[in-house]
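A.B. asks: Sharing a sequence plus its predicted fold:
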Amino acid sequence: MTTAAVAQQSDWSYEATIYLFMPETEVTQETARGTVDGTLSFSDALKNLDLAFMGVFGASNGRWSLLADYNYVDVSFSNDTPGPASSGLETSLTTQFFSGYVGYRAYTTDTSYVDLVGGFRWFRTQTDFTVLPGAAPGRSVSVDESWTDPVIGVRARVAFNDRWSGTGFFDYGGFSSDSETWQVLLTADYEINDRWVIRGGYRYISFDHEIDGNDFTFDQSGPLIGATYRF
């Protein structure tokens, strides 16, 4: 084997993706006076969004790969509450999560592959719930916490033809009664050329974490679209 061929095999390749995740968001916090929960549809999020950024960076070399996914959302919204005790619920939500993985290609053919991945997911939330007064006095609940969970997962891709392919990703982490996270991601991918790929699909991501003995949950589910540049 020539030196040039050896060098080519050892080269890293990279890709960067910007995407728009359009989920319904559900966030709950247990308190001594009961559970408060807010729900936000994507259409309402667009009306109330203050700031958002979502991006993925990947690198691969032979069977090994690295993957980083970052998501930031700052949004405020209101919900009606059942019964006369309260006149409504206002939620101010700033969340960040970052997932980092190392992957190993365990199976490959001319048209498909399967990667086993392991890494971590960091989550940060600054959430303020304000229960508006009704028959009962109003109250406020604030959560300002961050934590990191180990995660393991699998990524698979199947090429349908020269342009179209499908990708599936699943991970699970936390592995304890007081912290759990998981996600499912399915996309259809269209390769415009050797550099550009557009993607569309569905994602569900969940966090369940105990904060000072009280359960906090954050769930997002919905469609996404994105564009990937390879270099």
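C.D. replies: On my side now, so go ahead.
A.B. asks: And the pLDDT for the spatially most central residue of the chain?
C.D. replies: Nearest residue to the geometric centre of the chain (C-alpha atoms, centre = their mean): residue 205, 5.3 Å. At residue 205, the pLDDT value in this model is 98.
A.B. asks: Then the one 5 residues further on?
C.D. replies: In this model, residue 210 is scored at 94, pLDDT.
A.B. asks: who's it bridged to?
C.D. replies: For residue 210, the beta-bridge partners are residue 215 (DSSP bridges).
A.B. asks: From the contact counts, what lies against the helix or strand containing the residue nearest to the centre of the chain?
C.D. replies: Secondary structure assignment for residue 205, by DSSP states H and E: strand 196-211. Using 3 or more C-beta pairs under 8 Å, 6 or more residues apart in numbering; DSSP states H and E, the elements in contact with strand 196-211 are strand 13-21, strand 139-159, strand 164-176, strand 179-191, strand 214-230. Every C-beta, even on glycine, is put in place using the N, C-alpha and C of the backbone.
A.B. asks: Using a markdown table, lay out those together with mean neighbour count and distance to residue 54.
C.D. replies: A markdown table is the format used below for the helices and strands packed on strand 196-211 (neighbours: other C-beta atoms under 10 Å; distance: least, C-beta to C-beta, whole Å):
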| stretch | mean neighbour count | distance to residue 54 |
| --- | --- | --- |
| strand 13-21 | 15 | 5 |
| strand 139-159 | 16 | 18 |
| strand 164-176 | 17 | 15 |
| strand 179-191 | 18 | 12 |
| strand 214-230 | 17 | 8 |
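A.B. asks: for those strands, which one sits closest to residue 27?
C.D. replies: strand 214-230 (5.1 Å; C-beta to C-beta).
A.B. asks: Grab the CA positions of the closest one and hand them over as CSV.
C.D. replies: Below are the C-alpha coordinates for strand 214-230, written out as CSV (Å, rounded to 0.1, in the frame of the first residue of the first chain):
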residue,chain,number,x,y,z
ASN,A,214,-38.7,16.8,43.8
ASP,A,215,-39.1,15.4,40.3
PHE,A,216,-38.4,17.7,37.3
THR,A,217,-39.3,16.6,33.8
PHE,A,218,-38.6,18.2,30.4
ASP,A,219,-39.9,16.6,27.2
GLN,A,220,-39.8,17.7,23.6
SER,A,221,-41.3,16.0,20.6
GLY,A,222,-41.9,17.1,17.0
PRO,A,223,-40.6,17.5,13.5
LEU,A,224,-37.2,19.0,12.5
ILE,A,225,-35.5,20.2,9.4
GLY,A,226,-31.8,20.8,8.8
ALA,A,227,-28.9,21.4,6.4
THR,A,228,-25.5,19.7,6.6
TYR,A,229,-22.3,20.9,5.1
ARG,A,230,-19.5,18.3,4.7
